[in-house]
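In: 3D, please:
(2 chains)
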Amino acid sequence: MNHIIALIKKDLLLEIRQQYTFYGILLYVASTIFVLYLAMNQPEEKVWNGLFWMIQLFICVNAVAKSFLQESQGRMLYFYTIAGARDFILSKLLFNAGLMIIMSLVSLALFQLLLGNPLRNPFRFIGFVCLGGCSLSLVFTFLAAIAARARQGAALMAIMGFPLIIPQVLLLMKMSNTAFADIIQVGLWQIILLLVALDVLVIALAVILFPFLWKD
Amino acid sequence: MQDFMQAFMHRKWWKILSIVLLIYTFIAGLLIPLPYETAYANSNLYESMRNFFFHVPMWFSQLILISVSLFYSIKYLRNPNPLYDIYATEFARTATVLGCLGLVTGSIWANYTWGTWWSNDPKQTGAAIALLIYIAYFVLRNSMPDMDKRSRVAAVYNIFAYFIYIPMIMILPRLTESLHPGGKGSEGNPGLGGSSLDATMRLVFWPAVIGWALLGTWISTLRLRVRLLEEKKHSA
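Out: As a prediction, this is how the structure comes out:
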């Protein structure tokens, strides 16, 4: 546990010192949504929802891609010997989940500002956004680890990740549709639990498989 | 070093069994009388229902072959023997080919019964996803020149993808309505209509699954043997 906290602290410190990823991604979020606004103006609910989650997908690929590429081979070995692979991947998963939740909330605010506000149930939607950002980041963090090992960038992550992320995205769309109207979705809790179960599965797979990935 | 697969792929009996079963499937599948209720009275399937004996077994055997591929990927991670990696790759490759055939046969069938080649049915989506996942697996493999690293990273991705894919095909059909049998409302299920399978159809269907799975295994082992000979030639 201490190792995990220390590693997250290290990532945070790096972030604060370099101020590259955070502002880079922030700018990416802002400019994508601005271009979207210029192209679409204020779309209807269904389009709004679809665009929102698609943009989250692209933000996630870009936000998470750097997390493993920034560590050089030597530094990797160093972390590996002092903290162990499991702690390392867990710290990355947590850090990226946090980062992605912030980015999702920022893009929600920008969507509200530029693309209009079709939400009837904003608090519920904010909850879904946090859960969604977290779910997306978990899958892509592990894929970033694979892509970094193959010395490839975001392109390979997208190829590997987009087919695998479909269940999460479909569940999220289905959930968030309930935030646009006063409809009662049958089995909403079931869908939420299903998504949480998928997240747990991804974390478990990451923890089990990551040590094999970095063994040399 | 002799393992199960190496002993198995030089046996003859299962290859003969595969041929016999497939000949049986082709003859019986095209000749047996179809259940009148499901084929004519309650649907517009008519004689196209015979595609059931060809289209569905391809998906079943694709699942069987990717499971074999998964088995060898896990084995590779436990004991990094390059042989296991070759097994995993070749089974995944044949599974992808069978998946393509399943998709095409399904699409032709859909054109006649549902009116379009592609109707965004959850099972069609699942099929397309399966192909994308395994094509990504081969792209990932080819992106790494180093043999040892390639095998390990590809094995990790194979395991990860499989364990996401299986829940996915469980979830997808339950989320939306499907045109496939057993797909009305939220009652959708990943497999067949369960008990709706007619007794005579079952007699053709299950042998067909075994026949196609064995044929897939046969093709994979042939490629395997070529690969092993190539390895031998390079190392000599």
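In: For A:I25, see how far away the residue nearest the centre of chain A is.
Out: Taking CA atoms, centre = their mean as the criterion, A:S137 is the residue nearest the geometric centre of chain A, at 2.7 Å. Per CB to CB, to the nearest Å, A:S137 is found 12 Å from A:I25. The way it works is simple: take the backbone N, C-alpha and C, and place the C-beta from them, glycine included.
In: Same question for A:Q190.
Out: Noted for A:Q190: a distance of 33 Å to A:I25, by CB to CB.
In: Do me a favour and average the pLDDT over the strand or helix carrying the residue nearest to the centre of chain A.
Out: Following DSSP states H and E, one finds A:S137 within helix A:122-149. Per-residue pLDDT over helix A:122-149 has a mean of 90.
In: in that helix, what counts as buried?
Out: Using 16 or more other CB atoms under 10 Å in any protein chain shown as the test for burial, helix A:122-149 gives A:125, A:128-149.
In: Kindly report the same for stretch A:68-85.
Out: Neighbour counts using 16+ other CB under 10 Å place A:F68, A:E71, A:M76, A:F79, A:Y80, A:A83, A:A85 of stretch A:68-85 among the buried residues.
In: okay, and the common contacts of A:S137 and A:I25?
Out: A:A63, A:L99 (CB atoms under 8 Å, 6 or more residues apart in numbering or on different chains).
In: which residues does A:Y28 contact?
Out: A:Y28 is in contact with A:I59, A:N62, counting by CB under 8 Å, 6+ apart.
In: Check the gap between A:M175 and chain B for me.
Out: A:M175 sits 11 Å away from chain B when distances are taken as CB to the nearest CB, to the nearest Å.
In: Let me know whether that residue touches A:Q190 as I believe.
Out: No - counting by CB atoms under 8 Å, A:M175 stays clear of A:Q190, with 10.4 Å between them.
In: With neighbour numbers in mind, choose between the two.
Out: Taking neighbours as other CB atoms under 10 Å in any protein chain shown, A:M175 and A:Q190 compare with A:M175 leading, 21 against 12.
In: Assess the claim that A:G153 and A:A65 are in contact.
Out: Yes - at 6.3 Å, A:G153 counts as touching A:A65 under the criterion of CB under 8 Å.
In: Need the overlap of contacts for the two.
Out: Joint contacts of A:G153 and A:A65 (CB under 8 Å, 6+ apart) are A:A147.
In: The two - which one has more neighbours?
Out: Neighbours per residue, other CB under 10 Å: of A:G153 and A:A65, the larger number sits with A:A65, 24 against 15.
In: Let me see the contact set for the closest residue to the more buried one other than its chain neighbours.
Out: Of all residues not flanking A:A65 in the chain, A:A154 sits nearest, at 4.3 Å (CB to CB, 6 or more residues apart in numbering or on different chains). Neighbouring residues of A:A154 by CB under 8 Å, 6+ apart: A:V61, A:N62, A:A65, A:A147.
In: For A:A154, give me the pLDDT.
Out: 78.
In: picking up where we left off before, what pLDDT is listed against the nearest residue to the residue nearest to the centre of chain A once chain neighbours are set aside?
Out: Once flanking residues are discounted, A:S137 sits nearest to A:M100: 3.6 Å by CB to CB, 6+ apart. Looking at A:M100, its pLDDT reads 91.
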